[in-house]
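> I'll drop the sequence and a predicted model, then ask my questions.
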Amino acid sequence: MNILGKSRLSKALTLLAALVCHFQVAVAQDVPTEQSVRAAMVFNFLKFTEFPPEGAATSPVIRLCIAVRDARQGEALAAISGRKVGGRKLIVADFTGQSGDCQVFYVDSRQRWNAAADHPALRSALTISTYPGFARDGGMIEIAVQNDGIQFDINLAEGRRAGFHFSPEMLRLARRIHE
C-alpha cells in the first residue's frame, strides 16, 4: 500500500473510531447503551459536518433540538449538551412548536418527522434520525442499528440543499449515500 493509501486508511480508521466511541454518558452499566452510542454518533456527525455560513457557523452555540419519546434517548442526548463542536457550545433542547431556530434536529419517528419537517425552526437544520427510511423521506442522516452494528446513511442532496458539507471520511464510512 502506498503512502497516500495509508494516509487515507488512517484518516478513515480515526473517523470510524470517533464515530463509535462512547462518551461519559450517565449509565449504570460499563457497556454503552444503544441510546448512548446514538448520542455519541450524533456528536461526531457534528464534528465531521461543515455548517453553512449563516446559522451555526457564525453562532457561538449549536442548538440541537430533539423530538423523542424514549426518555433514555433524551437523557443520552442531553448528556452531550455543553460539549464543544468546532469551538461552539452544543445546547440540547426539547423541540416544541415554539422552538427557536435549531441548527440540528434529532427525531425518533416518521410521525414526529412528518409533523415537524416543515417547521420554520428547521429550515436550515441538519436532520438526524434512527427510523428506517428517514434519508429517503428527506432527512439528512439516518442511523441504522442492526445486529452487526450501527451504520448510517446520508442524503447528500438534502444536505447540500441546506448548505451542509460532510467530510469525505464521513461519506466513505456511510452505508449508503442518497444523491
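Nice, thanks for sending it over. Numbers count the residues shown, from 1 in each chain.

> just for this protein, where's the confidence low?
1-30, 54-58, 97-99 (pLDDT under 70).

> can you give me the helices in it?
Using DSSP state H, the helices of the chain run over 3-20, 34-47, 71-78, 110-116, 156-161, 168-173.

> just give the closest residue to residue 108, not the sequence neighbours.
The shortest distance from residue 108 to any residue other than its chain neighbours is 4.4 Å, reached at residue 68 (Cβ to Cβ, 6 or more residues apart in numbering). Yep, even glycine has a C-beta here, placed from its N, CA and C like the rest.

> quick check: closest non-adjacent residue to residue 85.
In this structure, residue 85 finds its nearest non-sequential neighbour in residue 46, 4.6 Å apart by Cβ to Cβ, 6+ apart.

> quick one: the residue most central in space within the chain from residue 120, how far?
Central residue of the chain (Cα atoms, centre = their mean): residue 42, 3.3 Å from the mean position. In this view, residue 42 and residue 120 are 22 Å apart by Cβ to Cβ, to the nearest Å.

> same deal with residue 108?
Counting by Cβ to Cβ, the separation of residue 108 from residue 120 is 21 Å.

> now do residue 147
Residue 147 is 39 Å from residue 120, where distance means Cβ to Cβ.

> these two: which is more packed in?
Counting neighbours by other Cβ atoms under 10 Å for residue 147 and for residue 120 shows that residue 120 has the greater number, 7 against 4.

> right, and residue 131 touches residue 113 too?
Yes: using Cβ atoms under 8 Å, residue 131 is in contact with residue 113, at 7.2 Å.

> what do those two both touch?
residue 107 (Cβ atoms under 8 Å, 6 or more residues apart in numbering).

> more neighbours: the two, which one.
Between residue 131 and residue 113, counted using other Cβ under 10 Å, residue 113 has the larger neighbour count: 21 against 17.
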